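K.L.:
Fold the following, please.
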Amino acid sequence: GGVEIDYEAIKKDTELWGHFNEFIKVLSEKATKEGLLLRVVFEPSAPIDSFEWPEYPEYVMMCYNLKGYGTEPGPKADVTFIKDMYEKMTVLKGKTNLAFATGGFDFAEDGSVKQVNYANAVSICEEYNGEIVRDPESSAVHFEYTDDIGEKHEVWYADQETLKVWISTAKEAGCEKFSIWRLGGNL
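P.N.:
Reported below is the predicted structural model:
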């Protein structure tokens with residue numbers, strides 16, 4: 001019924017962003033003629049305010065990975081990040097949508113990071129008798145544990161309460177539509 005475009009490797013390449021913008025304009029025109037839905041997904045560092053984007057697509061901003069691979073331990077999103085991402089989207093003429101992600105990350109003291117879904121996080125917490133703490137800035141939950149070889153870990157993830165706070169924050173900012181993405185598929 002439609003097309004979803006999600007390019008995350010453009011990073012800070014301004015010339016490539018210009019080509020991507022032109023691609024979206026052409027794709028939008030063709031999708032409109034064919035009666036196809038079109039969603040364009042942006043990662044948080046996308047310079048969307050540097051280009052004129054067509055009105056037709058639905059634009060989705062990833063409101064996750066505030067913390068993750070290559071960062072210190074922390075939540076995928078927090079209240080300030082969500083508000084900033086919605087504000088960033090206000091330059092777009094088309095429909096907008098904020099995407100939130102369930103699950104989280106297991107940050108090991110050796111610097112390695114791996115994704116965990118909600119069930120994995122709960123299981124690890126139970127196995128190692130972790131003490132769950134809710135972060136006031138993000139409403140995400142986290143706990144620490146030491147694995148079987150003596151390495152310390154910090155696990156951060158989103159639960160139902162976290163998602164309620166994130167969606168409520170986005171609604172208060174003016175957002176009306178949301179996507180919930182989970183490890184292994186979208187909801």
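
K.L.:
check contacts around the residue nearest the centre of the chain.
P.N.:
When Cα atoms, centre = their mean is applied to the chain, the residue found nearest the centroid is Tyr64 (2.6 Å). Shown in contact with Tyr64 (Cβ atoms under 8 Å, 6 or more residues apart in numbering): Lys76, Ala77, Ala99, Phe100, Ala101, Trp181. Bear in mind the C-beta positions are built from the backbone N, C-alpha and C, glycine included.

K.L.:
swap the cut-off to 7 Å and go again
P.N.:
Contacts were defined as Cβ atoms under 7 Å, 6 or more residues apart in numbering; by that measure Tyr64 touches Lys76, Ala77, Phe100, Ala101.

K.L.:
now swap in Thr146 and tell me
P.N.:
Per Cβ under 7 Å, 6+ apart, neighbours of Thr146: Lys152.

K.L.:
burial of the closest residue in space to Lys11 that isn't next to it in sequence, as a residue count?
P.N.:
Distances taken as Cβ to Cβ, 6 or more residues apart in numbering put Ser45 closest to Lys11, at 7.2 Å, once the chain neighbours are dropped. Using other Cβ atoms under 10 Å, the number of residues around Ser45 comes to 12.

K.L.:
next one: Leu36
P.N.:
Leu36 has 13 nearby residues by other Cβ under 10 Å.
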